[in-house]
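Asks: quick one: sequence plus predicted model below, questions after.
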Amino acid sequence: ATLRELRHTQSHLIQSEKMSALGQLVAGVAHEINNPVNFISGNVTHATQYTQDVLTLLSLYQTHYPDPALPVVEKAIAIDLAFLVEDLPKLLASMKVGAERIQKIVVSLRNFSRMDEAESKTVDLHDGIDNTLMILENRLKAQADQLGIQVIKNYGDLSLVECYAGQLNQVFMNIISNAIDALETAAARGKWSNGVTPAPAIQITTVQVAGDRVTIRIRDNGIGISEAVKHRLFDPFFTTKAVGKGTGLGMSISYQVVTERHGGSLRCFSVLGEGAEFVVEIPIQQHSTTA
């Protein structure tokens, strides 16, 4: 009992330090990226208008002076003026889309860290899940050496939930990251090499239970978890990953956040070779005993 208590205390301290450091890092990166991106986005808007003005003026010149001097004709041919006039607006529009995309990622990072919300807040859990998926989007996309992972959202009609949003977002991050790891491992073992098995997928289902609790189910069709591993899944410092790949704290921390911090439950269901499902259930309103 004493050993369990010591390990529990140690993992709790590591969790607090890890969450604090991660939140500060994410919030800091988001802040530093936000300023130059706003600068770029604002200037692209002006550059688009200026470019359109110049192209309009150029069109007027071509209308009123249809026979320019030979050097002008030669330069127009050299720079492929017709293509430039057509492509320049598209180029600026693409830059604007890219800047907007970065702005959305910055917002997701700031919402994910929620450094300004140390206390329990009422939030939309779907926003936290979506922010987590956006941060992990690069791992979900198809790469040269791996299949893309399909994300299937079955979102229910949830009430706003009173919770410690930053910590709960970390739970979603841990579970979904592990699901991606499991799918990558299954792919490396040739699970989808025959093209018959359903493609790699993560299914996220949310539902309100009995009016006062919500359930989030995160399921993958990866390698699955054996019974022996499942029994130790939430133990501090237990990991099945190679050295340097995992600390053995992710699921232990997630379990503490869900059960102790939120008075909920975190369960795992799995069939080896078929995938795993993690079920998070928390009350809609927190009580002082669980806070």
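Replies: The structure has been received and is ready for your questions. Numbers count the residues shown, from 1 in each chain.

Asks: neighbours of the closest residue to P198 other than its chain neighbours, just the number please.
Replies: Counting by C-beta to C-beta, 6 or more residues apart in numbering, P198 lies nearest to N221, which is 6.2 Å off, once chain neighbours are set aside. The way it works is simple: take the backbone N, C-alpha and C, and place the C-beta from them, glycine included. Residues lying near N221 (other C-beta atoms under 10 Å) number 25.

Asks: any low-confidence regions in the stretch 51-200 of the chain?
Replies: Low-confidence segments of the stretch 51-200 of the chain, defined by pLDDT under 70: 108-119, 144, 196-197.

Asks: quick one: the helices in it?
Replies: 70-78, 81-113, 125-135, 137-140, 165-188 (DSSP state H, counting those that start in this stretch).

Asks: now those helices in JSON lines, with distance to N154 and mean neighbour count?
Replies: Below are these laid out as JSON lines (distance: least, C-beta to C-beta, whole Å; neighbours: other C-beta atoms under 10 Å):
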{"stretch": "helix 70-78", "distance to N154": "56", "mean neighbour count": "11"}
{"stretch": "helix 81-113", "distance to N154": "21", "mean neighbour count": "15"}
{"stretch": "helix 125-135", "distance to N154": "11", "mean neighbour count": "20"}
{"stretch": "helix 137-140", "distance to N154": "17", "mean neighbour count": "13"}
{"stretch": "helix 165-188", "distance to N154": "15", "mean neighbour count": "22"}
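
Asks: closest one to A47 among the ones you listed?
Replies: Smallest distance to A47 across those (C-beta to C-beta): 6.2 Å, for helix 81-113.

Asks: pull the contacting residues for the residue nearest to P198.
Replies: When contacts are counted by C-beta atoms under 8 Å, 6 or more residues apart in numbering, N221 touches L183, A186, T197, P198, P200, A201, E274, G275.

Asks: which of those residues are buried?
Replies: L183, A186, P200, A201, G275 (16 or more other C-beta atoms under 10 Å).

Asks: now render the residues you listed as a markdown table, adding distance to P283.
Replies: What follows is these, written out as a markdown table (distance: C-beta to C-beta, whole Å):
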| residue | distance to P283 |
| --- | --- |
| L183 | 31 |
| A186 | 34 |
| P200 | 33 |
| A201 | 29 |
| G275 | 28 |
